[in-house]
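Colleague: Sharing a model prediction with you, sequence too.
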Amino acid sequence: MDIATLIGLVGGFGLIVTTVLMGGNAGGFVDPPSLVVVVGGTLAATFVMFPLKTVIGTAKVAMKTILFKSQDPQDMIRLITSLADTARKESLVALEKVNIDDAYLKKGVMLVVDGSSESLVRSVMEIELDFMKQRHRAGQGVFKGMGTMAPAFGMIGTLIGLVNMLQNLSDPSSIGPAMAVALLTTFYGAVLANVVFLPLATKLEQRSEEDALFMQIMIEGVASLQKGDHPTVVKEKLQAFLSPALREES
Amino acid sequence: MDIATLIGLVGGFGLIVTTVLMGGNAGGFVDPPSLVVVVGGTLAATFVMFPLKTVIGTAKVAMKTILFKSQDPQDMIRLITSLADTARKESLVALEKVNIDDAYLKKGVMLVVDGSSESLVRSVMEIELDFMKQRHRAGQGVFKGMGTMAPAFGMIGTLIGLVNMLQNLSDPSSIGPAMAVALLTTFYGAVLANVVFLPLATKLEQRSEEDALFMQIMIEGVASLQKGDHPTVVKEKLQAFLSPALREES
Amino acid sequence: MDIATLIGLVGGFGLIVTTVLMGGNAGGFVDPPSLVVVVGGTLAATFVMFPLKTVIGTAKVAMKTILFKSQDPQDMIRLITSLADTARKESLVALEKVNIDDAYLKKGVMLVVDGSSESLVRSVMEIELDFMKQRHRAGQGVFKGMGTMAPAFGMIGTLIGLVNMLQNLSDPSSIGPAMAVALLTTFYGAVLANVVFLPLATKLEQRSEEDALFMQIMIEGVASLQKGDHPTVVKEKLQAFLSPALREES
Amino acid sequence: MDIATLIGLVGGFGLIVTTVLMGGNAGGFVDPPSLVVVVGGTLAATFVMFPLKTVIGTAKVAMKTILFKSQDPQDMIRLITSLADTARKESLVALEKVNIDDAYLKKGVMLVVDGSSESLVRSVMEIELDFMKQRHRAGQGVFKGMGTMAPAFGMIGTLIGLVNMLQNLSDPSSIGPAMAVALLTTFYGAVLANVVFLPLATKLEQRSEEDALFMQIMIEGVASLQKGDHPTVVKEKLQAFLSPALREES
Amino acid sequence: MDIATLIGLVGGFGLIVTTVLMGGNAGGFVDPPSLVVVVGGTLAATFVMFPLKTVIGTAKVAMKTILFKSQDPQDMIRLITSLADTARKESLVALEKVNIDDAYLKKGVMLVVDGSSESLVRSVMEIELDFMKQRHRAGQGVFKGMGTMAPAFGMIGTLIGLVNMLQNLSDPSSIGPAMAVALLTTFYGAVLANVVFLPLATKLEQRSEEDALFMQIMIEGVASLQKGDHPTVVKEKLQAFLSPALREES
């Protein structure tokens, strides 16, 4: 589980609630109609922006940023090195019987076992990498879109409040509270965008890059298998994808 | 029909109208001259920005975001796999008699049947893909341009209102309503941009990517036909364009 | 002539002037020193930003957005198809005697007639396409630069007015008009940027893309001529550059 | 050590503190809860945005911008030229015994000594260059993210303060100080973003480009070694990477 | 000398000073501590952002935007055509004795005379072009960075002034002047960014593109020399880099 996402979300909201409570006037920060206009408006704009299917899929994607389990790239490199070892000691065909959990790696290895050409294996694997990136970009797009729309609807709500207040200045004592309520939508929009939507979009981008790194290691690894590289060479090559601190001496 | 677009537009306007009505002063939000300056100014800037033909074509494009009917990529993959089957069992020439609805796929298949070289088929199909993207970008450009200009003319209208008000401060009781009216153009500009123009531009972008995905599946499919790939290989290859959840086992 | 540009400019200014006149205080919107600081400051920044030659050339470029005459791409495709016909029926050398108005197409055809290699013809034509785009980008750059600088100098003028006003608050009745004048530079900057400079920059971009499309059609057409493609194939290939609605059946 | 970073940080904070002290009211600028909401909120958002590992690694990266020691590219070119000299006078295998400090260069040279193909050597070295850039971009990303979030939480804090103040206008004498406190979070956010986070992100980008330049010199140098270029040619080639002022005549 | 830069800088400052003087209160615009916080803060941030060497080198670069002397590309084309003539009438080796002022062209010609391969000549020249662009981008980066930081420190200064003023509202007559002084840092920041830093960054970009155009002409020219193209063909090819208006008939 990605604890950082959870800590960040809880911490961010906690800080803001604490600050509000310290002002001794927490009730003044709760205004359901204001919340409806910001959240509802953001959702409405999201429906116009994205296909229904993409919007619904976003809930799942959001869970992923919390449940995502980082893998150790060294495990993957060790696995591919052991495959290279098997291929060398026995034969490429022997790989067919090895149990490979990762569906992507398995697909690549099966193509090699079937005797597909090098360029076919690479192109099938790269098409899948490209489309994985494209699907992730769509998910980030929804969160980025919501992060742009929340402050926009916050401002629209504040403008409605200001126009109402300005047309009703006869009672001076009501000006302050009316303006406070008008500002609440801007406040809600800023909190939603900066505590939730925009940070989640960035986290998804990070996860997408991590996935892409794994897939690139697998593509190079499968190409090495196919060329019949010695396991030591395979390991050496794949270490180049990691930062020097994470590398293992072969 | 793309119901999400309709739901979003109706929901967004509905929310804003409801919020205005709840303020008990709905009449104060209707000011025809303010509406004219924002809508008219945005249209005028759009005419300067884009060729007449493009501006007029935008109405059609806008309808498309509502009427667009999503296709199932599996249907397309099934169709191409069946073509590969026909080509294998009978011959490439037999494809000439198959009834293909999609004009783009048909064109590609006909080029293959005519015995054109692989690179010619691919280049003709890719040129069409590139220009489809370019035309869609033009459509998005108009909506993005309007989404930038609406708030700009909202601000220009507000500046005119503020200057008028500031030169006429003798009657204090008129300051509030005058300023309320001045703010209306900013309000109109923000609503038009964030409920209509910018979300529609994003939806068009999404639709363009969906179309491009279909065309890329067709390009790879036609290339597979030409190479005489076995139907199972064709299906396998084309599944790589889909997210794992949408794939079908062969 | 590009009527849309003219309609847009006249319409945009007309709307703003009408709105000002309706406020019954048109004189309050005319302040020559404010106009001088915004227009002069924008020009000064433009001189720092761009080489003298580019700045002077911009006037010509601006006229082009109004005088530009859209061509029909079908005319160009018909012309190239007829050239392919001549080349087929007579010979490539016969093209030398054909009268070709467009200097770019003529140059390409002459290179083919002279027996230059395919890659030379393509590279000479593509270099010219690239540099056409680069020159157009320079023109757009000047307008975009002015569109950024006009609001900036509007704000600088407003800051000067505010500082003057704030140091002189003894007479309350002068505060309103002083602030109104201070806001005028912001108003002028916003109008210049959003009615003139930024929309013209976009129109130039559109025109540049239209020119590039024509040149790409000519490049592919000349390549087809050189390969000796059948006129029907030439036409078929070039139709791919157009939107389906603009295509002609061959 | 990179003194400029230190001078800039100390100088920036020094100037701001001095300006505050000159106002004779330094105590009014210290408000722990405001500081907590800005710093804490920025950290919370950072945890949501980036994987835990990346966040923790950032402290190390920040130190690097201060401790970074610029190398002279001429030293590197001289080293590679001397390797070319050894390879020429003795043999490529003789390079195995040369003591090379830089791990990246060493790896490249060892691959050459082992008789790897030219394309393998280049691809291994370029993969490492690409991933070095990607890791550095991640580091810059954290600082850029914090530079965006600090002003956002500054604004959120100010909104909380304003809403509190507006709901409590009964005592006019408290309005000023309350608003001053509300503005403090905006002030803290602006200082953190513009004195620390955003400038450090730019410095990291500069360092990354400097590292990349060194690695590109090494890639070209190793390729030259492998081709057996004469030391003078090696030197000549590598000088092209430097600005004319930094070049040495051979 | 680039007179436009000088005219723009003098004109921009002149206009602003004149506008200030017309307000009859020029003394109110001079506040040394405000100037120190904006200029000093911008410099401090610049030191954090860029390596010491780059910051110091910027003064030289700034002079270049004023002293830059535009060359006529036709002169360069004429020179290369005459070299092609010499190579044709005498021999490639005869080029060794021709006196070539431009160090970049000379280097390319010498590589050709030495009998280097076509791809080597092109790659050495293109590496130098790429790194020229990269160095120029660094110079522009410093000015762009200063253009972002000047308004940021202007805002920080204004926030300090506002907080001081708000905590001291007891004497109403001091509010106006205090706020005027607070606004001065924003004013200084806006002037520095929009009259000096941002326009100079754009001018550097323009100069860099002009230099790149010359270098691209030289690369193509040297390649033509090496292929032994006829002088007329050389001239024809190189004219493609220029706008039609600047071309010379051969």
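Modeller: Looks like it came in fine.
Colleague: Leaving out the residues flanking it, which one is nearest to the residue nearest the centre of chain A?
Modeller: The centroid of chain A falls nearest to A:L204 when counting by Cα atoms, centre = their mean (1.2 Å). Nearest non-adjacent residue to A:L204, counting by Cβ to Cβ, 6 or more residues apart in numbering or on different chains: A:Q140, 4.7 Å away. In this view, the C-beta of every residue, glycine as well, is placed from N, C-alpha and C.
Colleague: Relative to chain E, how far out is the one you found?
Modeller: Distance, A:Q140 to chain E, by Cβ to the nearest Cβ, to the nearest Å: 26 Å.
Colleague: okay, that residue: pLDDT?
Modeller: Model confidence at A:Q140, given as pLDDT, is 90.
Colleague: Pull the number of nearby residues for A:K237.
Modeller: 21 (other Cβ atoms under 10 Å in any protein chain shown).
Colleague: dump the residue contacts of it.
Modeller: Counting by Cβ atoms under 8 Å, 6 or more residues apart in numbering or on different chains, A:K237 touches A:220, A:224, A:229, D:124, D:127.
Colleague: Report the two of those separated the most.
Modeller: A:D229 and D:I127 (14.6 Å; Cβ to Cβ).
Colleague: buried ones in the helix or strand of chain A with the lowest mean pLDDT?
Modeller: When the helices and strands of chain A are scored by mean pLDDT, DSSP states H and E, helix A:52-67 comes last with a mean of 78. Buried residues in helix A:52-67, counting neighbours by 16 or more other Cβ atoms under 10 Å in any protein chain shown, are found at A:54-55, A:57-58, A:61-62, A:64-66.
Colleague: Can you tell me what sits against that helix?
Modeller: Taking Cβ under 8 Å, 6+ apart as the rule, helix A:52-67 contacts A:1-2, A:5-6, A:46-47, A:138-139, A:142-143, A:200, A:203-204, A:207, B:2-4, B:70, B:206.
Colleague: in stretch A:130-144, what's buried?
Modeller: Buried residues in stretch A:130-144 (16+ other Cβ under 10 Å): A:131-132, A:135-136, A:138-144.
Colleague: could you redo the residues you listed as a markdown table and give each row distance to C:I80 and secondary structure?
Modeller: Shown next, in a markdown table, are the buried residues of stretch A:130-144 (distance: Cβ to Cβ, whole Å; DSSP: H, G, I helix; E, B strand; the rest coil):
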| residue | distance to C:I80 | secondary structure |
| --- | --- | --- |
| A:F131 | 37 | helix |
| A:M132 | 42 | helix |
| A:R135 | 41 | helix |
| A:H136 | 43 | helix |
| A:A138 | 40 | helix |
| A:G139 | 45 | helix |
| A:Q140 | 44 | helix |
| A:G141 | 41 | helix |
| A:V142 | 45 | helix |
| A:F143 | 48 | helix |
| A:K144 | 44 | helix |
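Colleague: picking that back up, residue contacts, the residue nearest to the centre of chain A?
Modeller: A:61, A:64-65, A:136, A:139-140, A:143.
Colleague: distance of it from A:I127?
Modeller: Using Cβ to Cβ, to the nearest Å, A:L204 is found at 22 Å from A:I127.
Colleague: Can you show me the helices along chain A?
Modeller: In chain A, the helices defined using DSSP state H lie at A:3-22, A:32-49, A:52-67, A:73-89, A:103-113, A:118-166, A:175-191, A:198-227, A:231-239.
Colleague: By mean pLDDT, show me the worst of those.
Modeller: helix A:52-67 (a mean of 78).
Colleague: what about the residue in chain A positioned nearest to chain E, how many residues close to it?
Modeller: Residue nearest to chain E within chain A: A:G176 (16.5 Å; Cβ to the nearest Cβ). A:G176 has 18 neighbouring residues, counting by other Cβ under 10 Å.
Colleague: Spit out the contact partners of it.
Modeller: D:166-169.
Colleague: please redo it, this time with the cut-off set to 7 Å
Modeller: D:166-167, D:169 (Cβ atoms under 7 Å, 6 or more residues apart in numbering or on different chains).
Colleague: what about A:V233, how many neighbours?
Modeller: Count around A:V233 with other Cβ under 10 Å applied: 20.
Colleague: how far away is the closest residue to it other than its chain neighbours from chain B?
Modeller: Nearest non-adjacent residue to A:V233, counting by Cβ to Cβ, 6+ apart: A:S224, 7.1 Å away. Per Cβ to the nearest Cβ, A:S224 is found 21 Å from chain B.
Colleague: you'd agree A:S224 is up against A:V234?
Modeller: Yes. Counting by Cβ atoms under 7 Å, A:S224 does reach A:V234; the two are 4.5 Å apart.
Colleague: any residues in contact with both of the two?
Modeller: A:A84.
Colleague: Neighbour count for these two, which is higher?
Modeller: Legend: neighbour count by other Cβ under 10 Å for A:S224 and A:V234, higher for A:V234 (27 against 23).
Colleague: is it true that that one touches A:L79?
Modeller: No. Under the criterion of Cβ under 7 Å, A:V234 makes no contact with A:L79, lying 10.9 Å away.
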